[in-house]
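**Q** got a sequence here, can you model it:
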Amino acid sequence: MTQKSINRLKVVLVEQNKTSKWLAQVLDKNPATVSRWCTNESQPSLETLLDIAKALQVDVKDLLNSTIE
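**A** Numbers count the residues shown, from 1 in each chain. Down below sits the predicted model:
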C-alpha cells in the first residue's frame, strides 16, 4: 500500500524558493515537524494549515491535493 500525499507543502515551498527551515522559523515549530509535513509522514492541524497558508500567502486549498481521482 502506497502512502497518499495529502498535502502539497513541499511543492509550494519549492515554487516560492522557500525552505522548510524558513517555515519552521516563521511558525515557531520544530524543523523536524515541518519536515514530516513536507514528506507527508504526518499532517498539520487545520489551524496550522491556515497559518501555513497565511505565511506563504496562498489559499489553503493550494496546500492540499484533490481527493477526487
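
**Q** contact partners of stretch 17-26?
**A** 9-10, 13, 29-31, 33-35, 37-38, 52, 55-56 (C-beta atoms under 8 Å, 6 or more residues apart in numbering). Heads up, the C-betas are built off the backbone N, CA and C, glycines and all.

**Q** please redo it, this time with the cut-off set to 6 Å
**A** Residues outside stretch 17-26 that contact it (C-beta atoms under 6 Å, 6 or more residues apart in numbering): Pro31, Val34, Ser35, Cys38, Ala55.

**Q** now the buried members of those.
**A** Restricting the contacts of stretch 17-26 to buried positions leaves Val34, Ser35, Cys38, with burial counted as 16 or more other C-beta atoms under 10 Å.

**Q** going by distance to Ser66, which of these wins?
**A** Here the nearest of these to Ser66, counting by C-beta to C-beta, is Cys38; it sits at 18.8 Å.

**Q** make JSON lines out of the buried ones among the contacts of stretch 17-26 and add distance to Gln25.
**A** Written out in JSON lines, the entries for the buried ones among the contacts of stretch 17-26 read as follows (distance: C-beta to C-beta, whole Å):
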{"residue": "Val34", "distance to Gln25": "9"}
{"residue": "Ser35", "distance to Gln25": "13"}
{"residue": "Cys38", "distance to Gln25": "15"}
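
**Q** that's all I had, so thanks and see you.
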